[in-house]
Each structure stands twice: as structure tokens, then as C-alpha cells.
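*Asks:* Attaching a predicted model along with its sequence, questions to come.
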Amino acid sequence: MTDYIIAPSILSADFARLGEEVDKVLADGADWVHFDVMDNHYVPNLTIGPMVCQALREHGVSAPIDVHLMVEPVDRIIPEFAKAGATTITFHPEASKHVDRSLQLIHEQGCKAGLVFNPATPLQILEWAIEKVDMVLLMSVNPGFGGQSFIPHVKQKISAARALIDASGRDIRLEVDGGVKADNIGELAALGADTFVAGSAIFGAPDYASVITEMRNNIAAATA
Ligand code: DX5
Ligand code: ZN
């Protein structure tokens with residue numbers, strides 16, 4: 001049976017109370033912390049870096065931290081995030097000149113590695129990279145901001161990525177990021193996604209626990 005992962009994006013949390021927010025969302029049923037790193041270069045926004053990841057670890061966060069790098073170049077920052085306590089590090093292949101080298105570097109640093117595909121980026125690169133990939137992250141919005149609407153054509157891409165992963169026979173998570181809400185999460189799970197990033201849907205709600213429970217119920221109903 002698939003274990004479904006809910007990974008709230010702290011991009012939509014209250015940064016002035018970040019430790020408390022992360023404690024609360026994990027206590028309310030989240031599995032991972034999705035950590036969006038933006039550099040005002042690869043994407044038009046600027047967020048948080050390794051120091052904040054380390055601060056969350058020192059605060060006592062023990063859940064997996066899923067670091068989504070939206071930075072260019074990527075290699076220099078990988079060891080910094082590994083040292084800061086990242087569990088998984090994903091990057092956009094467009095942002096690395098040497099994708100295989102970046103994947104290797106993430107593994108050498110003791111983390112799980114993933115590739116992130118923008119809505120218009122084809123999955124082709126997986127053909128020769130899949131052996132080093134632990135997670136495929138499909139962006140269902142253009143990266144840079146929380147609170148955008150889900151781009152519908154990504155649903156077909158979920159099915160395509162699921163087929164590639166299954167054909168590889170490898171243990172690879174399929175994550176979807178952008179515009180994921182309680183009312184579409186079931187459909188995304190039925191298409192083959194198993195890991196769900198949700199920022200505004202969770203942190204924008206008054207009660208995180210009830211949204212997370214509703215998400216899990218909708219996944220269960222759609223995949224029964
Ligand atoms: C966008 C980020 C997402 C974002 C998702 O570049 O990668 O993780 O926070 O936010 P929502 O869930 O609000 O679309
Ligand atoms: Zn993200």
C-alpha cells in the first residue's frame with residue numbers, strides 16, 4: 001500500500017513565528033516540511049536559506065525536511081543544506097549545468113535527491129537520470145510564489161511520470177507542488193502522485209488539522 005505524504009510548504013507560514021508554525025503543522029498531522037528556497041535569479045522571489053533550515057533543526061524539528069531549490073547555480077548550496085539538516089534536496093535541471101553531477105553531490109552529502117519539472121519542462125531527462133533520482137517533483141504552477149492556481153495539463157504529466165517510475169522498478173516518490181488543495185488532492189493521488197506539497201491550502205486555513213484530515217480522507221476515498 002502506498003504511504004501518502006503531506007508536505008506543507010512553509011512559504012505560506014508566518015515567518016515571524018516559523019518554529020511554532022512548523023511544530024503546529026507537524027502536530028496537526030503533516031509528515032514532512034517542504035522548504036522553498038528562492039534566489040531572485042532562477043525565480044523572481046527571495047526566501048530562505050540553509051541558516052533557517054539549521055535553525056529549525058536546532059529548534060527541535062525532527063521530521064524530514066524537503067528542500068526545494070529554486071536557485072541557480074545549485075551545486076554550491078547543496079553541501080550547505082546537507083550540513084543544515086536537509087533530508088531531501090530537489091533542484092530544477094535547467095538550473096544545473098551538470099545534472100548527473102548535482103544528483104551525485106546530493107547523495108555524497110547523505111541526502112535523497114530529486115529533480116523538479118516546471119509545467120512546460122518535458123520529462124525526457126529522466127531517461128538517463130532516473131537511476132540517481134529518489135523523487136520526481138512536478139510543478140503544477142510556475143515556481144516563485146504560493147497561492148497560484150493548479151495548471152490542469154500537469155495531470156497528464158502525473159500519469160506519464162508514474163508510468164516512467166513504475167517502469168524503472170525503483171523506489172521513487174512522485175511529488176506534486178502548486179495549487180494542491182483538499183478538493184483536488186484525491187484526483188492527483190488517483191493519477192499516481194504520492195507526495196503532496198500544499199502551502200496556502202494549509203497555512204491559509206484557520207485549522208491546519210482539519211485540512212490535513214480532509215486531504216487524507218479525500219486521498220483514501222479516491223484510491224480505495
Ligand atoms: C512555488 C513553491 C510551492 C508553493 C506552493 O514556487 O514551490 O511550494 O509554496 O504553494 P501553494 O500550495 O499555495 O500553491
Ligand atoms: Zn516547492
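*Replies:* Cool, the structure landed. Ligands and ions are numbered 1, 2, ... in the order given.

*Asks:* Up against ligand 2, what does this protein have?
*Replies:* By CB under 5 Å from the ion, the residues of the chain that approach ligand 2 are 36, 68, 177. Using the backbone N, CA and C atoms, a C-beta is placed for each residue, glycine as well.

*Asks:* mind listing what the last one touches?
*Replies:* For residue 177, the residues meeting the contact criterion (CB atoms under 8 Å, 6 or more residues apart in numbering) are 9, 34, 68, 116, 137-141, 197.

*Asks:* before we move on, what about the first one?
*Replies:* By CB under 8 Å, 6+ apart, the contact set of residue 36 is 9-11, 47-48, 68, 70, 146, 199.

*Asks:* just those residues now: which is nearest residue 192?
*Replies:* Closest approach to residue 192 among the contacts of residue 36 (CB to CB): residue 68, at 19.9 Å.

*Asks:* Am I right that the closest one is in contact with residue 87?
*Replies:* No: counting by CB atoms under 8 Å, no contact exists between residue 68 and residue 87, whose distance comes to 11.9 Å.

*Asks:* what's next to stretch 136-143, contact-wise?
*Replies:* Residues outside stretch 136-143 that contact it (CB under 8 Å, 6+ apart) are 38, 43, 68, 70, 90, 92, 114-119, 123, 126, 148-151, 154, 157-158, 161, 164-165, 172-180, 193, 197.

*Asks:* Could you restrict those to the ones contacting ligand 1?
*Replies:* For ligand 1, the contacts drawn from those by CB under 6 Å from any ligand atom are 68, 148, 177-180, 197.

*Asks:* Give me the buried entries from the residues you listed.
*Replies:* Among those, those classed as buried by neighbour count (16 or more other CB atoms under 10 Å) are 68, 177-180, 197.

*Asks:* Now the two most distant members of those residues.
*Replies:* Using CB to CB, the two most remote members of these are 68 and 179, lying 15.0 Å apart.

*Asks:* Go ahead and build a PyMOL selection from the buried members of the contacts of stretch 136-143.
*Replies:* Command for PyMOL that selects the buried part of the contacts of stretch 136-143, burial taken from 16+ other CB under 10 Å:
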select buried, resi 38+43+68+70+90+92+114+115+116+117+118+119+123+126+150+151+154+157+158+161+164+165+172+173+174+175+176+177+178+179+180+193+197
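
*Asks:* Can you tell me the element the one residue in the chain that gets nearest to ligand 2 falls in?
*Replies:* Sorted by distance to ligand 2 under CB to the ion, the residues of the chain start with residue 68, at 3.7 Å. Taking DSSP states H and E as the definition, residue 68 sits inside strand 65-70.

*Asks:* Now do that strand: which elements does it pack against?
*Replies:* Applying 3 or more CB pairs under 8 Å, 6 or more residues apart in numbering; DSSP states H and E, one finds that strand 65-70 makes contact with strand 33-38, helix 50-59, helix 78-83, strand 88-91, strand 112-117.

*Asks:* With mean pLDDT added, can I get these in JSON lines?
*Replies:* Shown next, in JSON lines, are the helices and strands packed on strand 65-70 (pLDDT from 0 to 100):
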{"stretch": "strand 33-38", "mean pLDDT": "99"}
{"stretch": "helix 50-59", "mean pLDDT": "98"}
{"stretch": "helix 78-83", "mean pLDDT": "98"}
{"stretch": "strand 88-91", "mean pLDDT": "99"}
{"stretch": "strand 112-117", "mean pLDDT": "99"}
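
*Asks:* I'd like these as CSV, with distance to residue 187 appended.
*Replies:* Listed next are the helices and strands packed on strand 65-70 as CSV, based on distance: least, CB to CB, whole Å:
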stretch, distance to residue 187
strand 33-38, 20
helix 50-59, 32
helix 78-83, 32
strand 88-91, 23
strand 112-117, 19
